[in-house]
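Asker: Sequence and predicted structure are below.
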Amino acid sequence: MHALNLQAKPLSLSERLADLAVDALIDEADLSPKPALVDRRGNGAHTDLHLGLMHASALSLWPAFKEMAEAAVEIGEAGLPLREAIGRIGREGEQAMLSTTNGVNTHRGAIWALGLLITAAALEPQSSGSSAVSVRAARLALLDDRYAPRPLSHGAQVALRYGARGAREQAQLGFPSVLQRGLPQLKRSRANSHGEQNARLDALLAIMTDLADTCVLYRAGEQGLHAMQSGAQAVLDAGGSASLGGRRRLHELDQQLIALNASPGGAADLFAATLLLDRIERDGILQGAF
Ligand SMILES: CC(C)(COP(=O)(O)OP(=O)(O)OC[C@H]1O[C@@H](n2cnc3c(N)ncnc32)[C@H](O[C@H]2O[C@H](COP(=O)(O)OP(=O)(O)OP(=O)(O)O)[C@@H](O)[C@H]2O)[C@@H]1O)[C@@H](O)C(=O)NCCC(=O)NCCS
Ligand SMILES: Nc1ncnc2[nH]cnc12
């Protein structure tokens, strides 16, 4: 008789990438204190969101992320067939999210950003540096999905009103807010021994300093966007989240954005993308897979 084999089955590349994406979303939700966003302390500027819902939403997206990575492995190149396959899977993921959250939009922007990035990572797992993955993701984002509906989304309304191009442009440009703001700040604050949670808060704030966040623009106009960008810069200038001065500024920013109803949901999604790329680069996506 054979002894029981209790060893866990190794994860496939797609399962591992889906795990990394969901982990990044859960870590983003848990990070506290984030200005005006849902975190361990409360609901920030939201009346219809809470931490449990953010976690449930993140977990509901695992199958969609896995399917996107599988499509990349099967199709094998960043062309229109792959773009349209992940567009369809992304829309199905949005439906799974909405049925989990009872219709609340928790992670639409995250499905877009993290979906493109894990698809790009799965295309060439041996080339998993942040810049290389982002360039491949941008190539996919530049392709026009013929089956995508064009709803008058909040982002589309803000584009008409203020000319901000939001999530689509961010991806098409290769995620500059992640590559030029979030990741460098995360590394700087870690190098200064600020502690992991403070380093993550600083990375989120760095993204907020110059993002045209369409959530903020939709809810609080240009005044809200200016408050977000200048307030985030003030925290970093005062020494960041690890310093007493920075923490005071962070508290002020939280209060100010809540008063303006300005929730930086786009910045939160790009912060999750920062964590994802950081993990892919540090741990490698092949570790633990196969
Ligand atoms: C291309 C799409 C991203 C669609 O873009 P569009 O701008 O038309 O759509 P929006 O519905 O407005 O979604 C964009 C979401 O992206 C986040 N975001 C905002 N600004 C930026 C930015 N500058 N860079 C990157 N990301 C950004 C943001 O997501 C977060 O906010 C959500 C809550 O927002 P909202 O619905 O406005 O909610 P509230 O203000 O709270 O509403 P009320 O309570 O007031 O009612 C939250 O979900 C966060 O995730 C924007 O919301 C893309 O989505 C698309 O085409 N999808 C189709 C499927 C597809 O092709 N997928 C590809 C597979 S990878
Ligand atoms: N933590 C958070 N709070 C509110 N909206 C979000 N969208 C993505 N993450 C979010």
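Answerer: On my side now, so go ahead. Residues are numbered from 1 along each chain as shown. Ligands and ions are numbered 1, 2, ... in the order given.

Asker: Pretty sure Ala122 sits against Arg16.
Answerer: No - look at Ala122 against Arg16 with C-beta atoms under 8 Å: they stay out of range, at 9.6 Å. All C-beta atoms are positioned from the backbone trio N, CA, C, and that covers glycine.

Asker: What residues does the stretch 151-290 of the chain have near ligand 1?
Answerer: Proximity of the stretch 151-290 of the chain to ligand 1 is assessed by C-beta under 6 Å from any ligand atom, with 153-156, 166-168, 170, 211-215, 218-219, 265-266, 269-270 identified as the residues in range.

Asker: Leu13 against Met68, yeah?
Answerer: No - using C-beta under 8 Å as the test, Leu13 is too far from Met68 to be in contact (11.9 Å).

Asker: Mind listing the shared neighbours of the two?
Answerer: Here Leu13 and Met68 share the contacting residues Ala122, scored by C-beta atoms under 8 Å, 6 or more residues apart in numbering.

Asker: okay, those two: which has more neighbours?
Answerer: Neighbours per residue, other C-beta atoms under 10 Å: of Leu13 and Met68, the larger number sits with Met68, 31 against 21.

Asker: What pLDDT is listed against the more buried one?
Answerer: At Met68, the pLDDT value in this model is 98.

Asker: repeat for the one 5 residues further on
Answerer: In this prediction, Val73 carries a pLDDT score of 98.

Asker: What of Gly284?
Answerer: At Gly284, the model reports a pLDDT of 74.

Asker: Can you classify the closest residue to it other than its chain neighbours by secondary structure?
Answerer: For Gly284, ignoring the flanking residues on the chain, the nearest one in space by C-beta to C-beta, 6 or more residues apart in numbering is Ser128 at 6.3 Å. Reduced to three states with DSSP: H, G, I helix; E, B strand; the rest coil, the structure at Ser128 is coil.
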